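1. I would like to see how this sequence folds:
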Amino acid sequence: MTSEVRSLAQRRADTTARLETDVDIWVASAHEGRSHLIPLSFAWDGARIILATPSDSPTARNAARSGSVRLGLGTTRDVTIFEAETEVVPCREADEAVADCYRSRTRWDPREEEVEHSYLIATPRTARAWRDVPELEGRTILRSGRWLDA
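-> Below is the predicted model:
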């Protein structure tokens with residue numbers, strides 16, 4: 001455990017740095033009481049987390065039904081959990097800016113796959129970031145879509 005407790009601004013800066021450099025994120029979705037968890041590659045466009053998965057996958061179906069996903073970024077000792085409103089868009093119908101952002105970050109274009117894929121365009125509404133027990137208090141860094149240190 002670390003004894004240093006980061007400020008709200010530092011937690012946001014650390015989270016933003018991970019959004020800009022990490023390549024994978026855990027994606028949780030649910031339907032009728034059944035949860036589903038999967039790691040996916042992602043891109044960050046400065047406001048949204050963009051994911052891609054086969055259109056008939058449990059993740060895409062669950063996100064389309066509920067309009068939301070929960071995302072886990074980082075490790076168990078340095079984590080940010082996002083709750084995000086999510087739009088599910090077939091990759092071939094998505095805005096070019098979404099496709100370009102995803103392709104440039106992941107070096108993969110799901111529009112070229114034989115199996116139809118969809119983008120999950122997740123807009124974070126809440127984010128909580130913490131390292132170890134000392135940071136549990138004050139872990140909310142984003143509420144109602146607004147960064148709390150802004």
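
2. next, Glu87: phi, psi?
-> Backbone torsions for Glu87, taken as degrees, to the nearest 10, come to phi -100, psi 130.

3. wait, Arg105
-> Backbone geometry at Arg105, expressed as degrees, to the nearest 10, gives phi -80, psi -40.

4. what about it, how many residues nearby?
-> 16 (other C-beta atoms under 10 Å). C-betas here are computed from N, CA, C, even on glycine.

5. next: Glu87.
-> The number of residues packed near Glu87 is 17, by other C-beta under 10 Å.

6. quick one: contacts for it?
-> With contacts defined as C-beta atoms under 8 Å, 6 or more residues apart in numbering, Glu87 is in contact with Gly67, Leu120, Ile121, Thr123.

7. what do you get if the cut-off is 10 Å, keeping everything else the same?
-> Glu87 sits next to Arg48, Ala63, Ala64, Gly67, Ala94, Val98, Ser118, Tyr119, Leu120, Ile121, Ala122, Thr123 when contact means C-beta atoms under 10 Å, 6 or more residues apart in numbering.

8. do the same with Val69
-> Applying C-beta under 10 Å, 6+ apart, one finds that Val69 lies in contact with 25-30, 36, 40, 49, 51, 59, 62-63, 82-86, 88, 120, 122.

9. Ala99 versus that one, what's the distance?
-> Separation of Val69 from Ala99 (C-beta to C-beta, to the nearest Å) stands at 20 Å.

10. His31 too?
-> Taking C-beta to C-beta as the criterion, His31 is separated from Ala99 by 27 Å.

11. more crowded one of those two?
-> Set side by side, His31 and Ala99 show unequal neighbour counts under other C-beta under 10 Å, the larger going to Ala99 at 21 against 14.
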